[in-house]
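*Asks:* Kindly generate the corresponding structure for this input.
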Amino acid sequence: MDIFILLALAMAPGIAIGIYIYLKDHHEREPIGLLLTSFFYGALSTLVTFALSWPLEFIATLKDDNVVDQFTNAFFKVALVEEFSKFIFIRFILYPNKNFNEPFDGIVYATMVGMGFATFENILYVFHYGVPTGILRMFTAVPAHACFAVLMGYFLGKAKFTHRKELFYSITALLVATAFHGAYDYFWFIAFVPGLWVGAIISLIVALVLSKKAILLHQQSSPFINPEPTLNGQDKPAT
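*Replies:* Residues are numbered from 1 along each chain as shown. This is a model prediction of the structure:
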């Protein structure tokens, strides 16, 4: 099949989700250049994941058909490593940036990094397994990565703009994203047990619902929300 068709199939979901989140930033949108850089950081974080995962393959040998081993695999060898790899770019490079100036920006930058990671990963899967895998991941793995990113970004947004709780919310951001990522992967990893794969779909739906709520909450908490308009540009009289 044409290499450009495969590339388009692999890249389209991540780009579409990135644009969607960008348009949800109603009050003070981020510089396009910085968003593209964030997407690149996400792709770069796959190299960090590889660097962290490679030695773990020798340290921990897990059985593919063991539900306990696959719990360790899903939550620690995969979810924690991948989310930490993305987290370090968001928390230590994008978080201090002057353009990160409202809570919703946490969601924006985390999603861009997440979609950079998911898109690079998706390219590898689609080129190896073909179109059916690309279509399946368009509705499962890529939206899942987006949800993990939104939830991480929500708490990083709270971390930056909630006094005296920066460390607490930063750690929560990483742990919440890891928990949802681990749950989603775990049920796929134990799909050899009939019917348990449904748990992955349920965890994705829950993450989608929470992500939608997180987006709404940070939209409403923006310091750039315009004040209520008044007649003739005059201040509304006190009542």
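*Asks:* which other residues reach stretch 124-144?
*Replies:* 1, 6, 9-10, 12-14, 17, 115, 118-119, 121-122, 181, 184, 200-201, 204, 207-208 (CB atoms under 8 Å, 6 or more residues apart in numbering). Where you see a C-beta, it was placed from the backbone N, CA and C, and this is true even at glycine.
*Asks:* how about Ser116, what does it touch?
*Replies:* Quick fix: residue 116 reads Gly, not Ser. With CB under 8 Å, 6+ apart, Gly116 has these contacts: Gly14, Ser38, Phe39, Phe40, Tyr41, Gly42, Ala43, Leu44, Ser45.
*Asks:* The residue nearest the centre of the chain: which element?
*Replies:* Most central in the chain under CA atoms, centre = their mean is Ala149, positioned 1.8 Å from the mean C-alpha point. Here Ala149 is covered by helix 141-161, with elements defined by DSSP states H and E.
*Asks:* average model confidence for the following helix or strand past that helix?
*Replies:* For helix 141-161, the following helix or strand on the C-terminal side (DSSP H and E) is helix 166-189. Mean pLDDT, computed over helix 166-189, is 98.
*Asks:* Please verify my assumption that Ala118 contacts Gly14.
*Replies:* Yes: in this structure Ala118 lies within contact range of Gly14 using CB atoms under 8 Å: 5.2 Å.
*Asks:* which of the residues in the helix or strand harbouring Glu121 are buried?
*Replies:* Element membership of Glu121 [criterion: DSSP H and E] is helix 104-129. Judged by neighbour count using 16 or more other CB atoms under 10 Å, the buried positions of helix 104-129 are 104-123, 126-127.
*Asks:* just checking, next helix/strand downstream of it?
*Replies:* helix 131-139.
*Asks:* how big is the angle separating that following helix from helix 104-129?
*Replies:* 170 degrees (axes from the mean of the first three to the mean of the last three CA atoms, to 10 degrees).
*Asks:* tilt between helix 131-139 and helix 141-161?
*Replies:* Counting by the same axes, to 10 degrees, helix 131-139 lies at 30 degrees to helix 141-161.
*Asks:* Specify the helix with the largest residue count in this protein.
*Replies:* helix 32-59 (DSSP state H).
*Asks:* list the helices and strands that helix packs on?
*Replies:* Contact partners of helix 32-59 among helices and strands, from 3 or more CB pairs under 8 Å, 6 or more residues apart in numbering; DSSP states H and E: helix 3-24, helix 81-89, helix 104-129.
*Asks:* Next, the angle from the shortest one to helix 104-129.
*Replies:* This points to helix 81-89. 140 degrees.
*Asks:* Need the residues that contact helix 81-89.
*Replies:* 38, 41-42, 44-46, 48-49, 52-53, 56, 110, 113-114, 117, 148-149, 152, 173-174, 177-178, 181.
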